[in-house]
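>>> Any chance you can model this:
(2 chains)
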Amino acid sequence: MSEVAAAPVPMPAKRRMAQLVMLAFAVVITMGAYANVGLAMDGAIPSGMLTYGLSLGGLMLAAYLVLAKFAPWADPLILPLVTLVNGLGLVMIFRLSETDSTLPSATLASPNTQLLWTLIGIVLFSVTLIFLRDQRALQRLTYTAGALGLLLLVSPLIPFLGQEINGARIWIGIEGVAQLQPAEFAKLALVVFFAGYLVAKRDVLALAGRRLLFIDLPRARDLGPVLITWGVSLGILVLQKDLGSSLLLFGTFIAMLYIATQRISWVIIGILLFLGGAIMAGLLFDHVQMRWRAFNDPGNPEIYNAIGGSEQLMQGLFAMGSGGILGSGLGQGHPELIPLAFSDFIFPATGEELGLTGLMAILVIYALIVQRGLRTSLAARDPFTKLLSVGLSFLLAWQIFIIVGGVTNLIPLTGLVTPFMSQGGSALLSNWILIALLVRMSDAARRPPPQAIQNEGMTQVFQR
Amino acid sequence: MNRTIKRAAVACLAMFGLLMINVNVLQGVRAQSLSDDARNTRNFYERYAVQRGRITAGGKVIVAQSKETKGDFRFLREYPEGRLYAHVTGFFSPESESAIERSENDLLDGSSADLLLQRGIDLFTGEPTRGANVDLTINPEAQKAAYDALRESGKRGAVVAIEPKTGGILAMVSLPTYDPAELSGTNKSEVFGRYDELAKDKSQPLLNRTIENTYPPGSTFKVVTAAAFLEDDSSRGADTTVDAPQVLDLPNTTADLPNYGGAACGSGQVTLRFALERSCNTPFGKIGIDLGHEAMGEQLEKFGAGKPLAVPMSVAKSDFGPKEDAAAVAQASIGQRSNQMTPLQMAMIAAGIANEGVVMKPYLVNKITDPNGDTIDEADPEEFSEAVSSETAGELTDMMISVVANGTANRAQIPGVQVAGKTGTAETAQGQQPHAWFISFAPANDPKIAIAVMVESGAVRGGGEATGGGTAAPIAKAVMEAVLK
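Numbers count the residues shown, from 1 in each chain, chains lettered A, B, ... in the order given. Here you go, the predicted structure:
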């Protein structure tokens, strides 16, 4: 009998206390920002601040408790980071609603509704964590998720149910009561579908095919799913005029396809298909063409003044320019001058008041959330979890790239919400579910594997 | 799969990297040009976020102030005296400003370095930035009298009065005028539309005729010619005899220079005093020819003409005209050729004579006070030029008293006050009505006010031909009375 020291299995710390402190910190920053807005604009702490503080603090405490109970090994950073961007978004919407201005960006900003959506978002986050104990359960729902995703995508086209708002037919609901953007939920269902489908088919997608020049071409019949997704994306673009969601879905799918199959040829095929689609759309649709021209030369007075031209984009850039490095300070700029400052353009609006400093901080927070997701993916133990977590993380990063890049004139502007910041319930709810899924998977990935009993010294050997 | 996940992570890092670089370019490198873009209406709102300083006249009458409002624009500009002070205050339009509003802009809007400390305190206490108050040298009674009298004449014209001993401008009126409130609203299309209307108006209501335009001075210029004649030889005086032919033969031309209406001027040999009283042309034409273009030009420069001047609005340059032949000098010496004078320059000539030959630098801003009423800056009268010796000034004063007492300017007489003056009626072009001029100062023994009145040929509403004695002199009288009472 010899005592062999078992190789110590690295035990990820739970870091629950650190998470609580960071969460409290995120809430404190948000409350400080609230107070700042009130003091700058009215010379007094906002009257509703206590309500806001208690609601947000209480909500986050509840979320924390659920997380501690049902996903104790979860990544400690994700929830505080998301809380902070969600809180800053709430502050910006509150700040926009506080101006005396009669511009739509001021009158349409409704911080109370957004706080309510945040509440529902956190409830959904908790519900997801409580009922989805093992993300692998989703793998069994692969095709159900696919069908659900497609159904949600086309639902705005159903007569009476679907509604067209601001020229995009992406809403369902009853006029004046409640509207939802089903595409926001569809993207989650579709990423689940992609993950399940690719895990099942990745071998055949990766291995079959011929080599032409330097790339491995897939078999023609394996191109099917790619072409279908491409077709669906184009369908969204054409029928719903939703450039953003179209680009978001197609890009995420191609990325996941590449990650699953490790074949760069899929990326090349994807890019070619995308370019083909984009050029076609540009030739067919004036509004797509105008977006391109606005991107290319936004300062041009002719394009600036055109209907659907670059005025909105330039107003965002002016706001950022006026904000400069340190910003005007919360409540001291004029973000209400940017059209849609509370939704698509909340990023430049924040940039005006918090400056380059604030925007860099927000980008770093987003990057950290994505990084925690990717880390989960690396640590995950089964291919489905790996693919789902990397898919969701990429979805988040890609969405941020599309919208932030769009409003800062890095890429052509396509409408999408800025995750957790923009006003709007659908996006907030679906993103909180997304975060719940990431948290669930990080819990699974960090949970130490069941330890085999290795100390034979404790084993009693009976001899007859 | 980890290999491709890591590559996807690199792609995500690249995306965030690009976003960060782009945001840095926008808010670091391009910030200024984006911020300054004319379409960035923030600058427009900022204009109205400042409590701009007050402009007062004579320390008592508020002529421009910013009122706090509820609405998109925090402070709006008001002009309680409107048209009366329009050319002095100027306007404060959405993208520009004029006159004092422009010249004193950095003090009025608080951006001046003099207000740095105040700005810091305001920032700390959360008060809006408050600008400094500007007090003008304008005498409200004189300004009102000038405006009313000129309006009464029904003509376009200019009145400008100076305190001879300091150079402080007591009145500055130009007609037709405009309402600065119309150009100081926040509705750009309305303001710019109105501005275009005014700018295209043939009667030029936006033009400050006292300083921004020059006119042929007519016979008022004979004062300058007389000054040059006296300065040329110290033995000469008001009673020196000069040649006064009925018609002066202009050398090298077929043209002659007659007196006004072809009349004779005394016996042909008259005193300088008599020539000025009657405003004879021939003696002054001859003096001009004898002294020459250079001497005449120099004398005019000694009165301050041609020297850059800002009051603080910049003043157009007055000029004796280019060197031509002797005939031209003769005509310019009676103010009928290429000599072009601003009404302010003519007032400075009167003021120089009144102030024993020394022209004081004209100015409009009397005092600058910070928002708490503490003085930041106060006007310090300074000499602008030495026009003539005090003896010459005395002789000129003596003659100008005669002009009012016995000559062409009897309508400028004020009971109990000795007024010195000179009329002028400048022909602008063949067949057109002339400009009427009058320059004067009073009381002659201790001058409190020097004034120039110019009434343009074009009538605002009907009216007959304007003459210096008939139209301009009574206006000057009204203003002088307002100051002296």
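>>> When you work out contacts or count neighbours from here on, use the C-alpha atoms and nothing else.
Noted.
>>> Distance check, the residue in chain A that chain B sits nearest to against residue B:258.
Closest contact between chain A and chain B, by Cα to the nearest Cα, is at residue A:321 (3.8 Å). Going from residue A:321 to residue B:258 by Cα to Cα, to the nearest Å gives 70 Å.
>>> Which one's more surrounded, those two?
Neighbour totals were compared for residue A:321 and residue B:258, and residue A:321 leads with 31 against 19 (other Cα atoms under 10 Å in any protein chain shown).
>>> so the more buried one makes contact with residue B:24?
No: the criterion here is Cα atoms under 8 Å, and residue A:321 misses it with residue B:24 at 10.4 Å.
>>> Skipping its backbone neighbours, what lies nearest the most centrally placed residue in chain A in space?
With distances taken as Cα atoms, centre = their mean, residue A:396 lies nearest the centre of chain A, 3.6 Å away. Excluding the flanking residues, the one nearest residue A:396 by Cα to Cα, 6 or more residues apart in numbering or on different chains is residue A:370, at 6.9 Å.
>>> Provide the strand pairings for whichever strand in chain B runs longest, with the direction of each partner.
In chain B, taking DSSP state E as the definition, the longest strand is strand B:449-459. Applying DSSP bridges, strand B:449-459 is found paired with strand B:155-162 (antiparallel), strand B:435-442 (antiparallel).
>>> what does the first one contact?
Where contact means Cα atoms under 8 Å, 6 or more residues apart in numbering or on different chains, the residues beyond strand B:155-162 that reach it are B:146, B:150, B:168-176, B:203, B:208-210, B:343-344, B:347-348, B:351, B:362, B:449-461, B:463, B:476.
>>> let's see it at 7 Å
Identification of contacts with strand B:155-162 by Cα atoms under 7 Å, 6 or more residues apart in numbering or on different chains yields B:146, B:168-176, B:209-210, B:343-344, B:347, B:351, B:449-456, B:458-461.
>>> Can you check the pLDDT for residue A:102?
pLDDT for residue A:102: 78.
>>> and it, how far is that from residue B:158?
45 Å.
>>> more crowded one of the two?
Neighbours were counted for residue A:102 and for residue B:158 using other Cα under 10 Å; residue B:158 has more, 27 against 12.
>>> Per-residue pLDDT of that one, please?
Residue B:158 carries a pLDDT value of 94.
>>> Spatially nearest residue to it, not counting backbone neighbours?
In space, residue B:158 is closest to residue B:174, 4.4 Å off (Cα to Cα, 6+ apart).
>>> Pull the number of nearby residues for that neighbour.
30.
>>> where does it fall, helix, sheet strand or coil?
Three-state call for residue B:174 (DSSP: H, G, I helix; E, B strand; the rest coil): strand.
>>> so it makes contact with residue B:209?
Yes: if you go by Cα atoms under 7 Å, residue B:174 and residue B:209 touch, sitting 5.5 Å apart.
>>> how many neighbours does residue B:233 have?
9.
>>> And it, its phi and psi?
phi -150, psi 120 (degrees, to the nearest 10).
>>> For residue B:176, which non-adjacent residue is spatially closest?
Using Cα to Cα, 6+ apart and skipping the chain neighbours, the partner closest in space to residue B:176 is residue B:205 (4.9 Å).
>>> What's the separation between the one you found and chain A?
Distance, residue B:205 to chain A, by Cα to the nearest Cα, to the nearest Å: 33 Å.
>>> Now do the strands in the stretch 251-400 of chain A.
Assigned by DSSP state E, counting those that start in this stretch, the strands in the stretch 251-400 of chain A number zero.
>>> Any of the contacts of strand B:155-162 buried? List them.
The neighbour count (16 or more other Cα atoms under 10 Å in any protein chain shown) marks B:146, B:168-176, B:209-210, B:343-344, B:347, B:351, B:449-456, B:458-460 as buried among the contacts of strand B:155-162.
>>> Residues in contact with the helix or strand where residue B:345 lies: which ones?
Here residue B:345, judged by DSSP states H and E, is contained in helix B:343-354. With contacts defined as Cα under 7 Å, 6+ apart, helix B:343-354 is touched by B:158, B:160-162, B:164, B:210-211, B:303, B:305, B:318, B:358-359, B:387, B:393, B:397, B:439-441, B:447, B:450-454.
>>> Pull that helix out as CSV, backbone CA atoms only.
Only the C-alpha atoms of helix B:343-354 are listed here, as CSV (Å, rounded to 0.1, in the frame of the first residue of the first chain):
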residue,chain,number,x,y,z
PRO,B,343,-20.2,111.6,-41.0
LEU,B,344,-18.1,110.5,-38.0
GLN,B,345,-15.0,112.0,-39.6
MET,B,346,-16.8,115.3,-40.1
ALA,B,347,-17.9,115.2,-36.5
MET,B,348,-14.2,114.6,-35.5
ILE,B,349,-13.3,117.7,-37.5
ALA,B,350,-15.8,119.7,-35.6
ALA,B,351,-14.7,118.1,-32.3
GLY,B,352,-11.0,118.7,-33.1
ILE,B,353,-11.6,122.4,-33.6
ALA,B,354,-13.8,122.5,-30.5
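>>> Run the chain-centre distance for it.
What separates the centre of helix B:343-354 from the centre of its chain is 12 Å, taken as Cα atoms, centre = their mean, to the nearest Å.
>>> what about that helix, average pLDDT?
Here helix B:343-354 scores 95 as its mean pLDDT.
>>> Following the chain onward from it, which element is next?
From helix B:343-354, the next helix or strand downstream (DSSP H and E) is strand B:358-360.
>>> Show residues contacting that next one.
Defining contact as Cα under 7 Å, 6+ apart, one finds that strand B:358-360 is touched by B:164-167, B:303, B:348, B:351-352, B:381-387.
>>> Select from these the one having the most neighbours.
The most crowded member of the contacts of strand B:358-360, judged by other Cα under 10 Å, is residue B:351 (34 neighbours).
>>> How about residue A:381: what's its closest non-neighbour residue?
Leaving aside its sequence neighbours, residue A:381 sits nearest to residue A:445 (Cα to Cα, 6+ apart; 6.6 Å).
>>> was I right about that neighbour contacting residue A:380?
Yes: the pair residue A:445 / residue A:380 is scored as a contact, 4.6 Å apart, by Cα under 7 Å.
>>> Please list the residues of chain B that sit near chain A.
B:1-2, B:4-5, B:9, B:12, B:15-16, B:19-20, B:22-24, B:26-28, B:30-32, B:34-35, B:40, B:42, B:71-72 (Cα under 7 Å from any Cα of the partner chain).
>>> Give me the buried entries from the residues you listed.
Neighbour-count burial (16+ other Cα under 10 Å) applied to those gives B:2, B:4-5, B:9, B:12, B:15-16, B:19-20, B:22-24, B:26-28, B:30-32, B:34-35, B:40, B:42.
>>> Looking at these, which are in helices?
B:2, B:4-5, B:9, B:12, B:15-16, B:19-20, B:22-24, B:31-32, B:34-35, B:42 (DSSP state H).
>>> tell me the angle of the helix holding residue B:345 relative to strand B:155-162?
Here the directions of helix B:343-354 and strand B:155-162 differ by 40 degrees (axes from the mean of the first three to the mean of the last three Cα atoms, to 10 degrees).
>>> Quick check: residue B:59 touching residue B:135?
Yes: in this structure, residue B:59 is within contact of residue B:135 by Cα under 7 Å, at 5.8 Å.
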